[in-house]
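[1] The following block contains a protein sequence and its predicted model.
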Amino acid sequence: YINYTWFIVFSLVVSTLAMNYFPQMGPNYSPLTQWGMAFVTAFILFTSILMHELAHSYVAQRQGITIKSITLFVFGGIAHMLGESRTPRGEMKIAAAGPALSLLLSGAFWGIIYLQDQGMPASPLMAVAHFLANTNMILAIFNLIPGFPLDGGRILRAIIWERTGDINKATLVTSRIGKGF
């Protein structure tokens, strides 16, 4: 699903990229090129966020957890799972899948930059790839903050759950840490 707030954020990302980011990256780009790059970049960025959520969903489904839906909204995306992992290790795998995919995507965009960077002037492809490489890296790092319900908080909850054997205690501790963040 796409929540109406997603359209607001998508529009803000496109306009910010077109009016601020791409003019700095390539001052010789025409306004039409800058807006086209901004739209394509925003579309790929939100596709990356969807892929992040699909990674969580795939790992959860492999554990027998039903995925009701995925919703994209103002803060990114969320997979609506019917149930939770039955083991701390399963929880850790589900939580780590999204950031791992974001890191993989960041690496893929850095690979494009590396393969294209032959001392040539900045091309639109390079400008888009730089933004997406950095943004996917930031997405992965942000999601690894150990505050529940972020992925890092879910990983921390799995660690505490495994050590204490008590998912309720682990959830309470990571929820308090999440409030701090």
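    Good, I have the coordinates.

[2] chain center to stretch 19-29: distance?
    Mean C-alpha position of stretch 19-29 versus that of the full chain (C-alpha atoms, centre = their mean, to the nearest Å) differs by 24 Å.

[3] oh sorry, the question was meant for stretch 13-27
    From the chain centre to the centre of stretch 13-27 is a distance of 21 Å (C-alpha atoms, centre = their mean).

[4] which parts of it are buried?
    Within stretch 13-27, the residues that count as buried by 16 or more other C-beta atoms under 10 Å are 13-14, 17-18, 21-22, 25-26. Using the backbone N, CA and C atoms, a C-beta is placed for each residue, glycine as well.

[5] got it, and stretch 56-68?
    So for stretch 56-68, counting by 16+ other C-beta under 10 Å, buried means 56-57, 59-60, 63, 65, 67.

[6] As TSV, those residues with pLDDT, distance to residue 88 and secondary structure would be great.
    As requested, the buried residues of stretch 56-68 are exported to TSV (pLDDT from 0 to 100; distance: C-beta to C-beta, whole Å; DSSP: H, G, I helix; E, B strand; the rest coil):
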residue	pLDDT	distance to residue 88	secondary structure
56	94	16	helix
57	94	19	helix
59	96	14	helix
60	94	15	helix
63	92	12	coil
65	93	15	coil
67	91	20	strand
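
[7] Tell me where the protein has strands.
    For the chain, the strands defined by DSSP state E cover 66-73, 76-82.

[8] what's the neighbour count on residue 6?
    Burial of residue 6 is recorded as 19 neighbouring residues (other C-beta atoms under 10 Å).

[9] so who does it touch?
    The contact partners of residue 6, taken as C-beta atoms under 8 Å, 6 or more residues apart in numbering, are 46, 72-74.

[10] Any idea which helix or strand in the chain has the lowest mean pLDDT?
    Within the chain, no helix or strand scores below strand 76-82, which has a mean of 83 by mean pLDDT, DSSP states H and E.

[11] Return the alpha-carbon coordinates of it using CSV.
    Taking Å, rounded to 0.1, in the frame of the first residue of the first chain, the C-alpha atoms of strand 76-82 are listed here in CSV:
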residue,chain,number,x,y,z
GLY,A,76,9.7,4.9,4.9
GLY,A,77,8.0,1.6,4.9
ILE,A,78,6.7,-1.1,7.2
ALA,A,79,6.0,-4.8,6.6
HIS,A,80,2.8,-5.9,8.4
MET,A,81,3.6,-9.4,9.7
LEU,A,82,1.0,-11.7,11.2
